[in-house]
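> Compute the structure for the input listed below.
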Amino acid sequence: MLWRGFTTVRDVGGANRHYKNATEQWLIPGPRIFQGGPVMSQTGGHGDDGADSDKPITGCCGSTGSGRDSVVVDGVEECTRAARKMMRAGADHIKICSSGGVASPTDKLDSEQFTVAEIKAICDQNYGLLSDPRQRFIAAHCFTSPAARNAIEGGIGGIEHGHLLDDDTLKLMAKKGVHLTPTLIVQELLSKPPYQAMIPPQSREKLKLVIDGGYKVIKRAHELGVNIGFGTDCFGSMQNVQLSEFDLRKRVLSSDVVLRHATVNGAKILGMQGKLGVIQEGAFADLLLLSANPLEDVGIFNEPHKFVKGIVKDGRVVRSEIRDLRVEVPLV
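Presented below is the predicted three-dimensional model:
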């Protein structure tokens, strides 16, 4: 991902502090990682594989065999204990599943998962990472408005996906400062071969709903003043095409707006304003040297081999096609 130009990433389901430490110490080349460990699911919810958890991992998140990236908890006591364990393990944030998902075959897309009391118990543990406890926010996988409202009432700081949210919910998010991170590319990929095989047949109708809704929601969220982050939900071989998210967002928003999603807006989600996404005194020395202007066409990031001529992370040159700009830490 660093080679493709991502100098910082927020991982909300899979990475742990060991990945983070390895990149921070330059043991392996990679972006700066803000990680949340496994996602939290309720019994029967998105992320709970149940009896199928011993099957090989061949599916998408929330489908058969992917549960090793999730922890299943029920009730206020279990939610509190699990959240505290994640914080102790060094999580930068926590992600819960508060609605049904596309890939999970056992729940409906509009199901409301976790009670408000359970969500509040999780959110009440968001202390100790940064100077402002609100910066260690809890994110919620969520597609629909009723589930999003439950999550917001419980104290959630960000909605992941949100492709079926209505205007009233988006207005509430803008008012309360709840972030939105749509993921258009993963839905598009799952609708076509070869990735279509990663979700069960009964999920195809759910997939169509979130594809149709995603473009409408991201446009309305921008119009209503919601802080929008850049996300893809891509994993494995999908990561090679995750940059297409820029092109998809460009269908409904201008290039300069989309660029903010991936820079200053993302920094705000992480509570790292002034440190990430900007070039100014006191910020991390993360730079991309480009041969074209992304303000005119943010889609250039979809072709990093063509337009990205240099990458600097923490002041170290990790990729360069520019004469006299020497690579200090090669991306092996």
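> Now do the contacts for the closest residue to Leu184 other than its chain neighbours.
Among residues not flanking Leu184 along the chain, Leu248 sits closest, at 4.3 Å (Cβ to Cβ, 6 or more residues apart in numbering). For every residue, glycine as well, the C-beta is placed using N, CA and C. By Cβ atoms under 8 Å, 6 or more residues apart in numbering, the contact set of Leu248 is Leu184, Ile185, Glu188, Tyr215.
> which residues in the stretch 151-300 of the chain form helices?
For the stretch 151-300 of the chain, the helices defined by DSSP state H, counting those that start in this stretch occupy 167-176, 184-190, 204-223, 244-250, 255-261, 264-269.
> Make JSON lines from those and add mean pLDDT to it.
As requested, these are exported to JSON lines (pLDDT from 0 to 100):
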{"stretch": "helix 167-176", "mean pLDDT": "98"}
{"stretch": "helix 184-190", "mean pLDDT": "96"}
{"stretch": "helix 204-223", "mean pLDDT": "96"}
{"stretch": "helix 244-250", "mean pLDDT": "98"}
{"stretch": "helix 255-261", "mean pLDDT": "99"}
{"stretch": "helix 264-269", "mean pLDDT": "96"}
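> Using CSV, lay out the ones you listed together with distance to Ala285.
Formatted as CSV, these follow (distance: least, Cβ to Cβ, whole Å):
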stretch, distance to Ala285
helix 167-176, 33
helix 184-190, 29
helix 204-223, 30
helix 244-250, 23
helix 255-261, 19
helix 264-269, 15
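> For Gly157, which of these is the nearest?
The closest of the helices of the stretch 151-300 of the chain to Gly157 is helix 264-269. By Cβ to Cβ, the value is 8.1 Å.
> what's that closest one packed up against?
strand 8-11, strand 179-181 (3 or more Cβ pairs under 8 Å, 6 or more residues apart in numbering; DSSP states H and E).
> Counting neighbours, what do you get for the residue nearest to Gly14 when sequence neighbours are not counted?
Distances taken as Cβ to Cβ, 6+ apart place Asp69 nearest to Gly14, at 4.9 Å, with adjacent residues excluded. Neighbour count of Asp69, defined by other Cβ atoms under 10 Å: 16.
> Make 17 the first number, not 1, from now on.
Got it, first residue is 17 now, which makes that one Asp85.
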